[in-house]
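Trainee: output the structure for:
(one chain, ligands or ions: 2)
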Amino acid sequence: MGKVTVFDHPLITHKLTIMRQKSTGTKDFSDLLTEISMLMTYEITRDLPLKEIEIETPICKTRQKIVSGKKLAIIPILRAGLGMVKGFLTICPVAKVGHIGLYRDPDTKEPVKYYFKAPADIAKRRIVVLDPMLATGGSCIAAITELKKLGCTEISTMNLVAAPEGIKALQEAHPDVNIYVAAVDECLNENAYIVPGLGDAGDRIFGTK
Ligand code: PRP
Ligand code: URA
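Mentor: Ligands and ions are numbered 1, 2, ... in the order given. You can find the predicted model right below:
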């Protein structure tokens, strides 16, 4: 079963609380999402392997370590996942970026795919799917299914807020995927929104409501 890691660092929790408040405007919401994404990326990449190389400092030659192993790719789920890209790339600028466009059908709440473009060597990369909201889990599950069709084997998700229902569904659909999240909330409401959540992440990032 995929591991669930909740990043309950005080700074992440504090910033998320500000994001949740309905009085927080688009700019602050976006900036805070970038900051939390940076902090989460720092933790998610903690297990990256290192290798020794020879370098020369102004003083002498020395063997020191750099990151090695599989290269990274991030796949933001449009639209709201875009809000996590800048934070991730600030910490890991060499990651390649693919995009998957999914929206939830307002009636069925099922994800509808409208776009998918991934780096050519995606199957060789370690992938992090970015989406602030893991509600029913349908969007992340669909994105991971598309990535697996391309041969991807090492996939995790980075979510801001998750509902227990979404975590369960994602673990059942893709038991090999690790989930990294800043908070696990109470439940979903009748419209499949996370409670207490933060509302519609896409609308709050892009000011569309
Ligand atoms: C939201 C959110 C996630 C999805 C989560 O996207 O950004 O992608 O819902 O819900 P799920 O876990 O039940 O699938 P939305 O469909 O509102 O599209 P948008 O980001 O383009 O607004
Ligand atoms: N999508 C969102 O943006 N927010 C939710 O709470 C659920 C799905």
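
Trainee: tell me which residues are up against the helix or strand hosting Leu32.
Mentor: Leu32 is part of helix 26-44 when elements are defined by DSSP states H and E. Helix 26-44 is contacted from outside by 5, 7, 9, 11-12, 15-16, 18-19, 24, 83-88, 90-92, 128, 130, 132, 156, 158, 160, 180, 182, 204-207, using CB atoms under 8 Å, 6 or more residues apart in numbering. Bear in mind the C-beta positions are built from the backbone N, C-alpha and C, glycine included.

Trainee: buried among those residues? Need that as a selection in PyMOL.
Mentor: Buried members of those, defined by 16 or more other CB atoms under 10 Å, are picked up in PyMOL with:
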select buried, resi 7+12+15+16+19+24+83+84+85+87+88+92+128+130+132+156+158+160+180+182+204+205+206
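
Trainee: and the next helix or strand past the helix holding Leu32?
Mentor: Once the chain leaves helix 26-44, the next helix or strand it forms, by DSSP H and E, is strand 50-56.

Trainee: which helices and strands sit right next to the helix or strand following that following strand?
Mentor: Helices and strands here follow DSSP H and E; after strand 50-56, the next one along the chain is strand 61-67. Where contact means 3 or more CB pairs under 8 Å, 6 or more residues apart in numbering; DSSP states H and E, strand 61-67 is packed against strand 50-56.

Trainee: give the pairing partners of the strand it packs on; include direction for each.
Mentor: Strand 50-56 has the following sheet partners, assigned by DSSP bridges: strand 61-67 (antiparallel).

Trainee: export the partner strand to PDB, keeping only CA atoms.
Mentor: What follows is strand 61-67 as a C-alpha-only set of coordinates in PDB (Å, rounded to 0.1, in the frame of the first residue of the first chain):
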ATOM      1  CA  LYS A  61      40.700  19.300  -5.200                       C
ATOM      2  CA  THR A  62      38.100  17.300  -3.300                       C
ATOM      3  CA  ARG A  63      35.400  14.600  -3.700                       C
ATOM      4  CA  GLN A  64      32.000  15.900  -2.900                       C
ATOM      5  CA  LYS A  65      28.400  14.700  -3.400                       C
ATOM      6  CA  ILE A  66      25.700  15.700  -5.900                       C
ATOM      7  CA  VAL A  67      22.200  14.300  -6.600                       C
END
